[in-house]
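# A structural model of the following input is requested.
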Amino acid sequence: MTDETTTANTDSSGAACAPRAAGSPGAAPDWEKRFRAPRVSLPEWAEDAPDRSLFVSNATGTFELYAWDRATGEQRQVTDRPNGTTDGTLTPDGEWIWWFSDTDGDEFGVWMRQPFGGGADEPAAPGLEPSYPAGLALGRDGTAVIGRSTDEDGTTIHVVRPGQPPVEIYRHRESAGVGALSHDGSLIAIEHTEHGDAMHSAIRVVRPDGSTVAELDDTKGGTEELGLSVMGFAPVDGDSRLLVGHQRRGRWEPMIWDPLSGEESALAIDLPGDVGADWYPDGAALLVEHEFRARAELWRYEPLTRTLTRVETPTGTVSGATARPDGAVEFLWSSAAQPPEVRSTSGAVVLDPPGAKAPGSVPVTDAWVEGPGGTVHALVQRPEGDGPFPTVFEVHGGPTWHDSDAFASGPAAWVDHGFAVVRVNYRGSTGYGREWTDALKHRVGLIELEDIAAVREWAVSSGLADPQRLVLSGGSWGGYLTLLGLGTQPEAWALGLAAVPVADYVTAYHDEMEALKAMDRTLLGGTPEEVPERFEASSPLTYVDAVRAPVYISAGVNDPRCPIRQVENYVDRLKARNHPHEVYRYDAGHGSLVVEERIKQVRLELDFTRRYLGLGGDGELKE
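Reported below is the predicted structural model:
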């Protein structure tokens, strides 16, 4: 790990300048400049040492962790690994930085720690074997609560006290994770799915010895599809209130639950859409994040007076926010047209990376299309000129995720090359209520593609899209839907681009990490042995011989989520029928944290598309 120290510059507005980006974009095209432009995450800060912060930046060309002492302005790079590092946190006293060490993006590893001021890395929890991470909570007395997931053991949770061996306090085959540790360290909140429904968690609060204090289970043992999520204990010593997300009114919204008294307090936050929340540092108010129709905004809610006040942010998407001890709110904001910035309600830009800024893009417009399961929301970006345009349907991953009015370099690259971009928040997406998210179960993949097909028909009939030059594209679950769509809707698409996809659902199930096995059992109603017909109906491999469009696939050889073997099975079937396809394999996991690698992958997709649509290309990729 690097132990290099730099002192942050300050611009005329008082904003701290993040580390200077390596290299210079020079005369590179705008789409490449967007990827290379220096980026920073929303800084995390230590609760008991608020001047000590941690953030992620791509300043060196790879996303890594950086420490920032706000009192002195000093910044330094904390991690330096070939495939990057983004998973890290600060101890409450700000003395240590914990970061997760995996191998080349395989997500399997151990927690390491490094002094905030610099120094050698050391194992943070000696005695714990490598695993997939399943939550982490750090206490004021040096205690750590560490969640682990392995194929052999399912989920285990350990309490690690300074100088003592780890003590296991929880074990179950189904998915679970550490939710939060109370301010005084006496209570631990665990999210679990012991009832077998990986999409709807219950909550158990335990003592550090593992003894149960209280249970909250809206699924009623797995019989109701109502989830809960841990949002955090009140940040006040001796305060046992826990902020909990629930779906009792058909959407995500917060309530306050005291596991010691059992009291539940509903909150008068009647905003449409999903609502999340976090505590202000004094525990007297909540910072509310409201997501609706693919935009996000902030509010302040005071439980005692039941007062809701708008926190002013521009129209677009707030991707994260935190309230500081002085009452100011720092937030990461962007829109489809404007690159991300870390701002403050004090009026300052909190972190301003030096170097060339990312060029903007075009704004999104909203399309509302009637689909077979209700109205489907799509976000559309149009290039200059008159349509119909060659059009990329960029399908989001998840599936429990949604596209929003936020800056994205990938879609902007397509617009620069004269393509319209359509992003569909299909059934299965978050942000449109619980029923919309849960609708994909059992007919997995096919439900989502019905909505995409409805928006495709609208795009063609409205004059936006050229029906002969329609591209289906996506990564992860979006890559899965791309391959499935090429096989089940072969007449609809001229070309397919699938990044890190599920291609052979049965093999993917057997090879993937245990938490995803649990999710697949929930989505499909069992294992491949229990419901073989559902896995077959939802697997792209089933329809591979019906594919007509040329196919481009990229895959990480260390991917634990969409493992490489099942991708190779699909590719072998394409080869066997001499179907036009190209494959790019890279030495990382479920995506890359290296900027030039990201640019390379987008360039390959652009070139493949332009060649096969007759728009010109730079050459052919060889396997």
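# any weak-confidence spans in the protein?
Within the chain, the segments meeting pLDDT under 70 span 1-26, 617-623.
# recalculate using a threshold of 50.
1-14, 22-25, 619-623 (pLDDT under 50).
# domain assignment for it?
What automatic domain parsing lists as the domains of the chain is 5-265, 365-612.
# just the ones you listed: most buried one?
Per residue and on average, the most neighbours among the domains of the chain fall to domain 365-612, with a mean of 21 (mean count of other CB atoms under 10 Å). Heads up, the C-betas are built off the backbone N, CA and C, glycines and all.
# on that earlier part again, can you add distance to residue 354 and give the domains of the chain back as CSV?
Formatted as CSV, the domains of the chain follow (distance: least, CB to CB, whole Å):
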stretch, distance to residue 354
domain 5-265, 5
domain 365-612, 16
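# the stretch 401-550 of the chain: strands as residue ranges?
Along the stretch 401-550 of the chain, counting by DSSP state E, counting those that start in this stretch, strands occupy 420-425, 465-475, 495-499.
# that older thread, between the domains of the chain, which gets nearest to residue 324?
Closest approach to residue 324 among these is made by domain 5-265 (6.6 Å; CB to CB).
# next helix or strand past the helix or strand hosting residue 265?
For residue 265, the host element (DSSP states H and E) is strand 264-266. Using DSSP H and E, the next helix or strand after strand 264-266 towards the C-terminus is strand 274-279.
# for the very next helix or strand once past that next one, packing partners?
Note on strand 274-279: by DSSP H and E, the next helix or strand toward the C-terminus is strand 286-292. Here strand 286-292 touches strand 274-279, strand 295-302, strand 317-323, going by 3 or more CB pairs under 8 Å, 6 or more residues apart in numbering; DSSP states H and E.
# off-centre distance for strand 286-292?
Taking CA atoms, centre = their mean, to the nearest Å, one finds strand 286-292 lying 18 Å from the centre of the chain it belongs to.
# next, the angle strand 295-302 makes with that strand.
Using axes from the mean of the first three to the mean of the last three CA atoms, to 10 degrees, the direction of strand 286-292 lies 150 degrees away from that of strand 295-302.
# pull the contacting residues for the residue lying closest to residue 321 once chain neighbours are set aside.
Distances taken as CB to CB, 6 or more residues apart in numbering place residue 331 nearest to residue 321, at 3.9 Å, with adjacent residues excluded. For residue 331, the contact set (CB atoms under 8 Å, 6 or more residues apart in numbering) comprises 42, 298, 313, 318, 320, 321, 322, 342, 343, 344, 345.
# what ranges do the strands span in the stretch 1-150 of the chain?
Using DSSP E, counting those that start in this stretch, strands in the stretch 1-150 of the chain cover 5-7, 44-46, 49-57, 64-69, 74-77, 88-90, 96-101, 110-115, 122-123, 132-138, 144-150.
# go ahead and confirm residue 154 touches residue 177.
No. Counting by CB atoms under 8 Å, residue 154 does not reach residue 177; the two are 11.5 Å apart.
# out of the strands of the stretch 1-150 of the chain, which is closest to residue 379?
It is, among the strands of the stretch 1-150 of the chain and with distance given as CB to CB, strand 49-57, at 25.5 Å.
# nearest to residue 481, of the strands of the stretch 1-150 of the chain?
Nearest of those (CB to CB): strand 132-138, 24.5 Å.
# can I get the closest one in PDB, CA atoms only?
Taking C-alpha atoms only, strand 132-138 is exported to PDB below (Å, rounded to 0.1, in the frame of the first residue of the first chain):
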ATOM      1  CA  TYR A 132     -17.500 -12.700   1.100                       C
ATOM      2  CA  PRO A 133     -18.300  -9.600   3.300                       C
ATOM      3  CA  ALA A 134     -21.700  -9.600   5.000                       C
ATOM      4  CA  GLY A 135     -21.700  -6.300   6.800                       C
ATOM      5  CA  LEU A 136     -19.400  -4.500   9.200                       C
ATOM      6  CA  ALA A 137     -20.000  -2.400  12.300                       C
ATOM      7  CA  LEU A 138     -17.200  -0.700  14.400                       C
END
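# returning to that earlier point: now do the helix or strand harbouring the residue nearest to residue 321: distance to the chain's middle.
Assessed by DSSP H and E, residue 331 sits inside strand 329-334. Here strand 329-334 is found 17 Å from its chain centre; the criterion is CA atoms, centre = their mean.
# so what are the sheet partners of the helix or strand that it is followed by and their directions?
Heading C-terminal from strand 329-334, the first helix or strand you meet, by DSSP H and E, is strand 341-344. Paired with strand 341-344 in the same sheet, following DSSP bridges, are strand 329-334 (antiparallel), strand 349-351 (antiparallel).
# give me the buried positions along strand 341-344.
341, 342, 343 (16 or more other CB atoms under 10 Å).
# isn't residue 334 up against residue 341?
Yes. Using CB under 8 Å, residue 334 is in contact with residue 341, at 7.1 Å.
# ok so, going back, could I get the contacts of residue 331 as CSV with distance to residue 403?
Below are the contacts of residue 331 laid out as CSV (distance: CB to CB, whole Å):
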residue, distance to residue 403
42, 20
298, 20
313, 19
318, 15
320, 17
321, 20
322, 24
342, 22
343, 22
344, 27
345, 26
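# so residue 251 touches residue 436, yeah?
No. At 9.5 Å, residue 251 does not count as touching residue 436 under the criterion of CB under 8 Å.
# which residues touch residue 305?
Counting by CB under 8 Å, 6+ apart, residue 305 makes contact with nothing.
# distance of it relative to residue 276?
With distances taken as CB to CB, to the nearest Å, residue 305 is found 21 Å from residue 276.
# picking up where we left off before, how much space separates the residue nearest to residue 321 from residue 111?
Distance, residue 331 to residue 111, using CB to CB: 28 Å.
# for residue 456, same thing?
45 Å.
# what of residue 259?
Between residue 259 and residue 111 the distance, using CB to CB, works out to 27 Å.
# what about the helices in this protein?
30-36, 409-416, 434-438, 446-461, 477-488, 505-511, 514-524, 532-538, 564-576, 595-612 (DSSP state H).
# could you dump those helices to TSV with distance to residue 118?
Below are the helices of the chain laid out as TSV (distance: least, CB to CB, whole Å):
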stretch	distance to residue 118
helix 30-36	27
helix 409-416	32
helix 434-438	44
helix 446-461	47
helix 477-488	40
helix 505-511	40
helix 514-524	34
helix 532-538	50
helix 564-576	37
helix 595-612	25
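# what's the closest of those helices to residue 556?
Closest among the helices of the chain, once you apply CB to CB, is helix 564-576, at 7.3 Å.
# other residues contacting the closest one?
With CB under 8 Å, 6+ apart as the criterion, helix 564-576 contacts 483, 501-508, 511, 540-541, 544-545, 547, 551, 553, 555-557, 581, 583, 585.
# what angle do it and strand 495-499 make?
Using the same axes, to 10 degrees: helix 564-576 against strand 495-499 is 160 degrees.
# quick one: helix 564-576 to chain centroid distance?
With CA atoms, centre = their mean, you get 27 Å for helix 564-576.
# cool, stretch 212-228 as well?
Worked out by CA atoms, centre = their mean, stretch 212-228 lies 25 Å from the chain centre.
# contacting residues for residue 320?
Going by CB under 8 Å, 6+ apart, residue 320 touches 41, 42, 331, 332.
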